[in-house]
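prediction below, plus the sequence it came from.
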Amino acid sequence: MNKRILTGITTTGTPHIGNYLGAIKPALELAEKYDESFFFLADYHAIIKNSNKVEIEESVKEVALSWLASGLDPNKSNFYRQSDVPEILELSWILNCVTAKGLMNRSHAYKAATALNSSDEDKGISMGLFSYPVLMAADILIFNATHVPVGPDQMQHLEMTRDIAGRFNHSYKKTFELPEAITQTADKIILGQDGRKMSKSYKNIIPLLSSEKVLKKSIAKIVTNSLEPGEPKEFNNCSVFSLFTHFSSEEEQNELKESYKNGISWGDAKNKLFKKVNEHILPIRDSYNSLNSNKELINDLLEEGSSKVRPMAKELLSEVRESIGISKIS
Ligand code: ADP
Ligand code: TRP
């Protein structure tokens, strides 16, 4: 059995440093070690959270460019849009029919949304949000991915995928591999400007594809305490230091720790962080700018990507249809 790695990014908003360090970069590194890799734009997931057409269109482009500019090689990895592989949606329906409603009731994403409601628990909750883990299971199972790199927040969805796959295998015939999550430890969670997890939902992001000026500004906005220059500072639990560790060597980190002890000003500490992030992002930004001026190329790449993977999806789906009795009358 080939080892297949697969992951998707929902196309809402512009990718941030957290997405890059937590998802894109590790996935591209893993792609080197696996037999096959599948990376996709989860655009049907995006409409669960966002009904603004222009924002979705913009985000699809930005997420695609982020993958490519970060080094995804479409000749080595399968790269496609979820919506270009309609077999995923067909499988999603079939999986809905073997998924217990109780399993979905336990989804963190759904529970978090209902928790915000007071009198009417279901206010603002669509069926899309409720059955979101089933669509995610279909994304993974349609290609029988063996390994799925995801952030810690997605672990539950992977457990649900295994549960759904197991139920299908048990009810019909063994069709699906039970995929394993590859996740980073909680200490790898990238913190945003306000010290919480960096997330589009919290509007605390440092964008990946920004100009130098915007990058500098968003780093300047990181909230720190009010210690003055000259006063010693603590590097533990400091967002500036924590971000710095992802872009620097141990030696550079030791130097910065020393500067904290010696009372470096927050402005200078942020400047050091900016320099390191900027240095790392420079080639990504250059590649983004050149790709951005050639939109046809991106469309062509995505089209080629889906035409490569669709035959695999069709094959699996016809096996599934056969198993469930949706087949030619004989
Ligand atoms: P957001 O929280 O901004 O909406 P997504 O849920 O679209 O981000 O996440 C896409 C991928 O990036 C997932 O694999 C997720 O685990 C990862 N990711 C998102 N935010 C972070 C973060 N702050 N640190 C590490 N990984 C992250
Ligand atoms: N739900 C994931 C997120 O919000 C994105 C996603 C959709 C995904 N389908 C997937 C990730 C399949 C891994 C595998 O981050």
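Yep, that arrived. Ligands and ions are numbered 1, 2, ... in the order given.

secondary structure of residue 182: a strand, I assume?
Yes: assessed with DSSP: H, G, I helix; E, B strand; the rest coil, residue 182 lies in a strand.

dump the residue contacts of it.
By C-beta atoms under 8 Å, 6 or more residues apart in numbering, the contact set of residue 182 is 5, 26, 30, 147, 148, 149, 150. Every residue, glycine included, has its C-beta placed from N, CA and C.

in space, what's closest to residue 87 - neighbours in sequence excluded?
Distances taken as C-beta to C-beta, 6 or more residues apart in numbering place residue 313 nearest to residue 87, at 3.9 Å, with adjacent residues excluded.

which helices and strands sit right next to the helix or strand containing that neighbour?
Taking DSSP states H and E as the definition, residue 313 sits inside helix 295-324. When contacts are defined as 3 or more C-beta pairs under 8 Å, 6 or more residues apart in numbering; DSSP states H and E, helix 295-324 sits against helix 53-69, strand 78-81, helix 87-96.

all strands of the stretch 101-250 of the chain, in order?
Taking DSSP state E, counting those that start in this stretch as the test, the strands found in the stretch 101-250 of the chain are 147-150, 180-183.

show me this protein divided up by domain.
Following automatic domain parsing, one finds the domains of the chain at 4-190+295-324, 212-290.

near ligand 2 at all, the first one?
Yes: between domain 4-190+295-324 and ligand 2, judged by C-beta under 6 Å from any ligand atom, the touching residues are 6-10, 42, 45, 136, 139-140, 148, 150, 154.

and residue 179, how many neighbours does it have?
The tally of other residues near residue 179 (other C-beta atoms under 10 Å) stands at 22.

distance-wise, check it relative to residue 34.
Distance, residue 179 to residue 34, using C-beta to C-beta, to the nearest Å: 12 Å.

same deal with residue 245?
For residue 245, the distance to residue 34 (C-beta to C-beta) stands at 27 Å.

state the pLDDT value of the residue in the stretch 201-330 of the chain that ligand 2 sits nearest to.
Closest approach between the stretch 201-330 of the chain and ligand 2, counting by C-beta to the nearest ligand atom: residue 201, at 10.5 Å. Note on residue 201: pLDDT of 83.

which among the contacts of residue 182 are in contact with ligand 1?
Here is what survives when these are matched to ligand 1 using C-beta under 6 Å from any ligand atom: residue 150.

what's the closest of the contacts of residue 182 to ligand 1?
The closest of the contacts of residue 182 to ligand 1 turns out to be residue 150 (C-beta to the nearest ligand atom; 4.7 Å).

so what's that closest one up against?
7, 23, 157, 158, 181, 182, 183.

and if we set it to 10 Å?
7-8, 22-23, 26-27, 136, 140, 157-158, 181-184 (C-beta atoms under 10 Å, 6 or more residues apart in numbering).

please tell me how far it sits from residue 157.
7 Å.

what do these two both touch?
Among the neighbours of residue 150, those also in contact with residue 157 (C-beta under 10 Å, 6+ apart) are 136, 140, 181.

tell me which of those is nearest to ligand 2?
Nearest to ligand 2 among these, with distances taken as C-beta to the nearest ligand atom, is residue 136, at 4.2 Å.

from residue 26, how far out is that closest one?
From residue 136 to residue 26 the distance is 19 Å (C-beta to C-beta).
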